[in-house]
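Chemist: When you get a sec, could you give me coordinates for this:
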Amino acid sequence: MEFRAVTSEKSQPETFVEDENELGKLLGTLIDGRHIILAVTALFALVGLLYALFATPIYRADALLQVEEKSSGMASITDMGELFSADSSAVTEIEVLRSRMVLGGVVDDLHHDVVVTPRYFPIFGKGTARMSGDTGPGVMPFLFSSFAWGGEIIRVSQFAVPDAYMGKKLTLVAGEKGSYRLYFADELILDGKVGELASANGFSILITDLVSRPGVEFLIKMKSRTAAVRDLQKSLAVSERGNRTGILALSFDGEEPQRIKQTLDSISKHYLMQNIQRMSAEAEKSLAFLDEQLPGIKTRLNAAEDALNQYRLEHESVDLSLETKAILEQIVNLDAQLNEMTYK
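Modeler: Numbers count the residues shown, from 1 in each chain. Coordinates of the predicted model:
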């Protein structure tokens, strides 16, 4: 037992000394490689800073819509209420919001099928243009004068291309005093001037605004309406707030704050307009149904009045039967509903 105790007491200091030696060697290695460690750290910090400066920021616009459960039928007429009731759920309205019926109108209004961007220098040109702000077209001499360096503005109101060129990039080169030229690869397609419709070889374009140095290039592409709607669907997110609240949260992502705000406003507007059109169509159906039913009810009323008059002559009575009262109340209600639907 004593022999084991002595052995144990000697082994502990040896292990402690070995650990100290290992830590010392590790610390010495770190000190010897301090220049490499600092260089790598500085390099990654510089890369992170450059990315933060030149990466394109993505903006998001939000909106809320309230969906109310509604019935297009008239509560006072049970049978027609069953025929025309159309309660809208949040899931249904989300699909309507993302449908081509709504987003197609947005594409037509804001020309989302036309994509036009200045030609920036690769990698850091777009970030440089963003940091320069809107102080006017930037100038970069020597070999890079054809690139945009910030402040360039172009607005295309009309653009049409032959089917064979759909989805292909064309190059628009700014000229002197509002003139420009449109190329496909190195082939000249047409010459134009700002504010005037230019057409040639199946191409047509109307540029309403062009602020740029002469020689700056813009990339322009015409997408199909279906492709434009599909791109909008990718950027649009719609969800219901909470559980069965009827509140829809809309969000739209993009690189241009003003553009995404206009797009989300247009989506909301077209959704509300289609709701109004749908309710108007349902009201017209109800009105047409009333117009069809009213003559038959009036015929029944006339027959009831004739029977009533005959009864009064035979029995010298002036009391109305319960059936006649019900028919009279029904025709009065129908007249009131008809007036209300005509007003709508």
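Chemist: quick one, phi/psi of residue 111?
Modeler: With angles defined as degrees, to the nearest 10, residue 111 shows backbone torsions of phi 60, psi 50.
Chemist: That one and residue 156 touch, don't they?
Modeler: Yes - between residue 111 and residue 156 a contact is recorded at 6.9 Å, counting by CB atoms under 8 Å. Every C-beta, even on glycine, is put in place using the N, C-alpha and C of the backbone.
Chemist: okay, now residue 152: neighbour count?
Modeler: Using other CB atoms under 10 Å, the number of residues around residue 152 comes to 24.
Chemist: May I have the residues that are in contact with the residue nearest in space to the middle of the chain?
Modeler: Of all residues in the chain, the one closest to the mean position by CA atoms, centre = their mean is residue 236, 4.4 Å from it. Contacts were defined as CB atoms under 8 Å, 6 or more residues apart in numbering; by that measure residue 236 touches 97, 98, 103, 250, 251, 252, 267.
Chemist: give me the beta-bridge partners of it?
Modeler: On the basis of DSSP bridges, residue 236 is bridged to residue 252.
Chemist: Output stretch 188-196 as PDB - backbone C-alpha positions only.
Modeler: As requested, C-alpha coordinates have been extracted for stretch 188-196 and formatted as PDB (Å, rounded to 0.1, in the frame of the first residue of the first chain):
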ATOM      1  CA  LEU A 188     -28.300  48.300 -84.900                       C
ATOM      2  CA  ILE A 189     -32.100  48.000 -84.600                       C
ATOM      3  CA  LEU A 190     -33.300  51.500 -84.600                       C
ATOM      4  CA  ASP A 191     -32.500  55.200 -83.700                       C
ATOM      5  CA  GLY A 192     -34.800  57.200 -81.400                       C
ATOM      6  CA  LYS A 193     -35.300  60.300 -79.500                       C
ATOM      7  CA  VAL A 194     -36.700  60.800 -76.000                       C
ATOM      8  CA  GLY A 195     -40.500  61.600 -76.000                       C
ATOM      9  CA  GLU A 196     -41.000  60.200 -79.500                       C
END
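Chemist: So for it, what gets flagged as buried?
Modeler: Under the neighbour-count criterion of 16 or more other CB atoms under 10 Å, stretch 188-196 has 189, 192, 194 buried.
Chemist: what about the residue nearest to the centre of the chain, distance to residue 248?
Modeler: Separation of residue 236 from residue 248 (CB to CB, to the nearest Å): 12 Å.
Chemist: okay, and the common contacts of those two?
Modeler: With the criterion set as CB under 8 Å, 6+ apart, the overlap between the contacts of residue 236 and residue 248 is residue 97.
Chemist: mind checking which helix or strand residue 126 is in?
Modeler: helix 125-132 (DSSP states H and E).
Chemist: which residues are contacting that helix?
Modeler: Among residues not part of helix 125-132, those counted as contacts by CB under 8 Å, 6+ apart are 53-56, 118, 120-121, 138, 147-152.
Chemist: Please identify the buried residues of it?
Modeler: By neighbour count, with 16+ other CB under 10 Å as the criterion, the buried positions of helix 125-132 are 125, 126, 127, 128, 129, 130.
Chemist: what does stretch 250-263 give?
Modeler: Applying 16+ other CB under 10 Å to stretch 250-263 flags 250, 252, 254, 260, 262, 263 as buried.
Chemist: and if you look at stretch 109-118?
Modeler: 110, 111, 112, 113, 114, 115, 116, 118.
Chemist: Out of these, name the ones that lie in helices.
Modeler: Where these overlap with helices, as defined by DSSP state H, the overlap consists of residue 110.
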